[in-house]
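Colleague: After the sequence you'll find the predicted model.
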Amino acid sequence: MKRLAAIGTALMLAAACGSDSPTTPTNNTGPIVFTAQLSANNEVPPITNADSNARGTATITFNVSRDPATGGVNGGGTVNFSAQVSNFPGGTPINLAHIHTGASGIAGPVLINTNLSAGSPLVLDGSGNGTLTVNNITISQGDATNIVNNPAGFYFNMHSGINPTGAVRGQLVKQ
């Protein structure tokens, strides 16, 4: 009986140790990934014109220097953006896309730009769908640290020709 109790205690202690379990692995090195669920309803104010049904998803990957012991950001690096959008009017030009500072419901300033522009837009297909892929945009250690520490305080949005202040938006969520 004592042997069974000792085995049970050992198993409980092993199960409680650290974050090395396969269900909750530690990610102290490598990229830091965020997602955002984009919607015209998330814009401030919500979109009510031809872009009102637009939606999409974005994946934003930080390739920054990290402390292997803590996982904290300890240097700058680059950002990769991948976004898929749908339900825009066919042929819509997406003129801008970037990360802003701002909690849900608050419009804030641009922090990290993808470098899309009216002169070089992403033009959506005839069904109003498209994919944005932009890689190797510079990010500072300070900006990366601020976003990692409070992703909900930042959002990604994309601007269209008829919605120059933003057509779809989603708050960042760390994966």
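Modeller: It's in.
Colleague: what's the average pLDDT for the strand of greatest length in the chain?
Modeller: Using DSSP state E, we find that the single longest strand of the chain is strand 73-86. Here strand 73-86 scores 98 as its mean pLDDT.
Colleague: Go ahead and name everything in contact with the helix or strand that it is followed by.
Modeller: On the C-terminal side of strand 73-86, the nearest following helix or strand under DSSP states H and E is strand 93-101. Under the contact criterion C-beta atoms under 8 Å, 6 or more residues apart in numbering, strand 93-101 has outside partners 60, 79, 81, 83, 85, 107-114, 116-118, 121-124, 130, 132, 134, 147, 153-161, 164, 167, 172. Backbone N, C-alpha and C define where each C-beta goes, glycine included.
Colleague: Next: stretch 66-76.
Modeller: Identification of contacts with stretch 66-76 by C-beta under 8 Å, 6+ apart yields 26-30, 32, 62, 64-65, 138-141, 144-145, 148.
Colleague: Tell me, please, where in this structure the pLDDT is lower than the cut-off.
Modeller: 1-26 (pLDDT under 70).
Colleague: before we move on, back to that, just the buried ones among the contacts of strand 93-101, please.
Modeller: 60, 79, 81, 83, 85, 111-112, 114, 116, 121-122, 124, 130, 132, 134, 147, 153-161, 167, 172 (16 or more other C-beta atoms under 10 Å).
Colleague: So which of those residues sit within strands?
Modeller: Per DSSP E, the buried ones among the contacts of strand 93-101 map to strands at 60, 79, 81, 83, 85, 111-112, 122, 130, 132, 134, 154-160.
Colleague: Leaving out the residues flanking it, which one is nearest to Ala50?
Modeller: Excluding the flanking residues, the one nearest Ala50 by C-beta to C-beta, 6 or more residues apart in numbering is Pro89, at 5.0 Å.
Colleague: Fine, thanks again, bye for now.
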